[in-house]
Each structure stands twice: as C-alpha cells, then as structure tokens.
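> what's the 3D shape of this:
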Amino acid sequence: MARGILLMMVLAMVAMPSLGSTPPPPVNQNLGMPDGVFNSMTMETCGGCHFDPATAPAPVKQGYLPDRHHLRVDTPIGPHSASPYPEKSPDGTHKCVTCHALDWVEDPSRPAGGYFKFALDPTEPEFRNCLRCHQQKPGVASVHHLTARARAAECNACHGSLINDPNGEIWQVRVIPSMSPNPGFGDGEFGETGHRRGGCRYCHNGGTDDATGRVVPGPNANMMTHHGTGLGQPDSGSGFGCDLCHDATPPNHTLQGCVRCHAPTSLHSIQADSDGNGTAGEYEEQPYYGHIGTSTDCMGCHMGGSNTPASVMRAAANEPLFKPLLPELDRLSSARVVAGTSYTLVLTGSGFLEASAQNDVATRVVLEPVAGEGSSLELVPENVGFTTMEVTLPATLAPGNYHVKAVNGDMASPPLNLVVSPAVVVDSVDCNDGTVTITGAGFSHYLDAEGSGTGVFDLEDGERCTIDSWQDGRIVADCGSAVDGSIRVDSLFGSRIEAVSGCRSSGRPRWWQIWSWWSEWSWGRR
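Numbering: from 1, shown residues only. Sure, this is the predicted structure:
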C-alpha cells in the first residue's frame, strides 16, 4: 500500500527445475520480486500484479482493491497515505471525497437544484488508475520506493526476512579486511556460469530465462535493479545518497554495502525444494536453487570472495550464522473474508515446518494490522505440509487490512494482504409516515453522489430514498409517501434487503412535491 510494496531485487531462491535455467544466470526468482526495473509503470503493468492475484507474476499484497481502500474511511490520514485530496477532510480522516473528486451538476428537476457525480466515471478504468494517487518518477524512482518507509530504509517492512533490517545491528560490522572489493563481479575463478565465483553475478546477472522467457536487464543486472528503485539516486526524492549501499566510491565499494541488506543470516535461510521431496535441507539439493543447497552454491559466494572466516563476522555481529528456513507465501485461499464468522484460510507456498524431535521450529501465521493500530495476532496452523497449511481465523477478528506472514522462528516471509470487511447487518427497520429508520452495523460511510454504490431503495416503487442521516449503525431515510414491501440498503461492503409493511404516510405532500407544483404553476402563469 496497501499494503500497502517495495520492489528491491533480492538474492532469492529459484523455482522447480522445470521452471528455470540451469545453470543460471539469470536465476529464476520465485521468492520476493522478479529481477527487473519498475520505475516506468502504467496502470496496465500495475494491474499485472494487483488486479488478478491468480495471474500475478510475483507475490504481492493481494486483495480486492476497492475494499482495501474503503476500509480506510474514517481512519487518520497518516504519513503513508497517498490520498490526493487530504484538504477536503473535515477532521483529518479519510473520506470518500479525499480520494474521489466530485462535480456538481445543475438539474432544476431535483429538489436541491442539482446533484453530485464523480468527476471520473466509475465504469471507466481511469477511475481506479493506481498512478493517480501513488506517484512515481518515471525512469528514476519506482512508485513503491517513494513511500515514507522506503525513504527511511525500512526495506524489511515489505520484503520480510528476505533481507536484514538495514537499520539494525547486523550491518554495523561495516568494514572487515580482506572482503571482496566488488561483490557484483567477485574476484574468484570463473565457474560454470561463466562469471567469477565470489560475486552476486555468478547467479544473479542479466539475460533471458530459457524456460519462462523473462528478460533480466543486463549486463549489470544488480546495479540496474537496485539503482532502478530510486533509493539513493539524485532527484529521486530518496532521503539517502550512495552511502545507503556503498562504503566507498564505486568500483571500490566493499561487500559490506551488500551485507547491510543481504547478510548471512538472511542468505543462509533461502533454499528451494529442488528435488520435490517436501524438504529443503542443507547440502542435499541440486545447485542453483538457493544459497545452502550444495557446495556449488556455497562456492558461488565464498570462492575467492573473502579470506575472513564466517565465524569472525558471526561473532562480531552477535548473530547465529544459520537460521530456520525462510518460508514463502504464494497465495491465500481467499484475500477477503467477512468479520463476525470464523474462516479456515488455506495458505500455499513453501518452507512450512512442523515441530519434530529433530527440529523444534514450527511455522506460525502472524496477522499484523496494516494501519499500525492494534496488536499483532499469532495463530497456530493446522494440517501443516511443506507447501500448504490451514489456519482458522477467529470470528472476533476486527475489520481492516492485515499483513499475513508465515514465520519460522524469527524468519518471516514477505507479507500478503488479507481484507476483513465488516458484515452488513440490519437488526430492525422502523417507519413512521414514510420515514424509515434502519439500525444495524457495517453501514460505513454514505456518499451523496450518482453511482456511489451507497443508498436506501424502495424496491416496490423502484425509487431511491432521500438520506436524512447516515451512521455506521443507524440510517434515517425519507422514502416518500409510502413504503409497503421491501427496502434495500447498499453500503460500501455489501447490500441487505429487509421487508417493510404497514408504513404509509398521512397523504400530506412533501416539501419537494409542493415546490414542484408551485414551479409548474408559476411557469404556466407566464
């Protein structure tokens, strides 16, 4: 954002053998984001990941986008908001008009002399063009890396444990003698990939994957994908300079620049199940499917790259070298659930673990409120397999946007988004002389505009009622001379139909009927 994603290229595992080149480069990244530059987006390219989770090429914060945004109504407009019209809020919280511009259309036939309508037609694709609110700097900075969190280098907030906390203690071991002078190129011998061992380019380089056809920009893939975020780049809006990643002026920068984000404790937790046997252990996998699968993978970084023993870095950073396997989340069985009822959520991915006598680490599911309000909820999954698991969401889960993470020990997957929408409930309908009072819950916010999707309708007469007041739990509407049948309440999150009987007016004309009669009589006299 949501929700809401940062797109820094990460050193990550590849897919099953049939899905990628062997040997790389380019490595076929299935974890994190694909290798690429994302600073010249269009609405269509945004939609490639965000509009249809079933066909998204990368694990993004999936969820029905209108619901995700509508859940921000009446929440504070904070530093992470991209609301285009915050000045239109009367109280500093999100309203419909802080995102959607309205025009006044004069119409003498209406009681108020006109009506509001959206400045952009809701049926047009441009109505929800992501880039109208979420700005980018084309060719310079990506839309995701202009957020407040990205500018503060809180990369792990969106990338999870794929990278270390750039502001944490692990990276403070900045300059260790004898480290590789250029981690991108390395200074070891040439290996199977045609690049020198000891450098990231040994696996992560430009080229075209021969199975997927995905093009990784080259020849300096790491430089292009990282610089393409805009972080540290001139005129990007970033709060950092080159020293965010580089210890010295290139090409003399040391490995410690990479270690700030890609430290051993994250790299040594990334491994794919290359042989499909339901596990991903050390030294038992095929090469080029992670960082700890075979000695070939180890030599990709360590051959000639450093004369400093790993124990020196481990002791200096006060961190263990190996941590539990990093889990991956590909998708959720549903990106939207309704509050008030329990729901069994199926999570699909890899690296899910059950506790055993040999391994006391078991995967947990953590839900974090996106808005930062409220505490996280940790759930214990059931029916855990290496690639799927189930977890029961409690009926007490409050409406809102949540980040869902799979956690092994303290290694967390990049998050997916879960929308918990309010249940639209009608408890009672009372009427008096054509005025209908509806009590319940989940009505949310009303927008008095054509096509807003909110309102009360007299289904027998096919008329839209006039809203006198609208609150989340109570609506008062004037439905004219009679209501005898059913009414429909349309809210941002759903509709409910309720029967109404015996609610007829005294027959006295309403004020707009008098006005209409007077107007017609007045013009007839001229």
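> Now Ser333: closest residue in space, sequence neighbours ignored.
Val346 (3.7 Å; C-beta to C-beta, 6 or more residues apart in numbering). Where C-beta positions appear, they are placed from N, C-alpha and C, glycine not excepted.
> Hmm, that neighbour is touching Thr392, no?
No: counting by C-beta atoms under 8 Å, Thr392 is not a contact partner of Val346; they are 10.9 Å apart.
> any idea whether Thr193 is helix, strand or coil?
Put simply, Thr193 is coil when judged by DSSP: H, G, I helix; E, B strand; the rest coil.
> what separates it from Gly494, distance-wise?
54 Å (C-beta to C-beta, to the nearest Å).
> do Val429 as well
Val429 is 17 Å from Gly494, by C-beta to C-beta.
> Show me which of these two is the more surrounded one.
Neighbours around Val429 and Gly494, counted as other C-beta atoms under 10 Å, are more numerous at Val429. The numbers are 20 against 16.
> Stretch 51-67: end-to-end distance?
13 Å (C-alpha to C-alpha, to the nearest Å).
> Now it: average pLDDT?
For stretch 51-67, mean pLDDT is 65.
> Could you number the chain from 36 rather than 1 from now on?
Okay, using 36 as the starting number, the last item reads as stretch 86-102.
> Cys333 falls within a helix, correct?
Yes: under three-state DSSP, Cys333 sits within a helix.
> sec struct for the residue nearest to it when sequence neighbours are not counted, please.
Leaving aside its sequence neighbours, Cys333 sits nearest to Ile327 (C-beta to C-beta, 6+ apart; 7.3 Å). For Ile327, the assignment made with three-state DSSP gives coil.
> wait, doesn't Ile327 sit right on Pro299?
No: applying C-beta under 8 Å as the test, Ile327 and Pro299 come out as separate, 10.3 Å apart.
> Overlap of the contact sets of those two?
Common neighbours of Ile327 and Pro299, counting by C-beta atoms under 8 Å, 6 or more residues apart in numbering, are absent.
> How many residues are close by Ala476?
Ala476 has 16 nearby residues by other C-beta under 10 Å.
> Now do it, the pLDDT please.
93.
> And it, how far from Gln506?
Applying C-beta to C-beta to Ala476 and Gln506 gives a distance of 10 Å.
> quick one, what contacts Gly265?
Asn74, Lys172, Val175, Ala176, Ser177, His180, Leu181, Ser271, Gly272, Ser273.
> Can you lay out those residues as CSV showing secondary structure, neighbour count and pLDDT?
Shown next, in CSV, are these (DSSP: H, G, I helix; E, B strand; the rest coil; neighbours: other C-beta atoms under 10 Å; pLDDT from 0 to 100):
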residue, secondary structure, neighbour count, pLDDT
Asn74, coil, 23, 89
Lys172, strand, 18, 89
Val175, coil, 19, 88
Ala176, strand, 23, 89
Ser177, coil, 25, 89
His180, helix, 28, 88
Leu181, helix, 22, 85
Ser271, coil, 20, 77
Gly272, coil, 16, 72
Ser273, coil, 21, 74
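> Please identify which of those residues is nearest to Leu414.
For the contacts of Gly265, the minimum distance to Leu414 (C-beta to C-beta) is 31.2 Å, reached by His180.
> gap between that closest one and Phe421?
His180 is 33 Å from Phe421, by C-beta to C-beta.
> go on, Ser463?
Taken as C-beta to C-beta, the span from Ser463 to Phe421 is 51 Å.
> Compare these two and say which is more crowded by neighbours.
Higher neighbour count among Ser463 and Phe421: Phe421, with 20 against 9, using other C-beta under 10 Å.
> Now that one. Nearest residue, chain neighbours left out?
Gly313 is the one closest to Phe421 (C-beta to C-beta, 6+ apart), at 4.3 Å.
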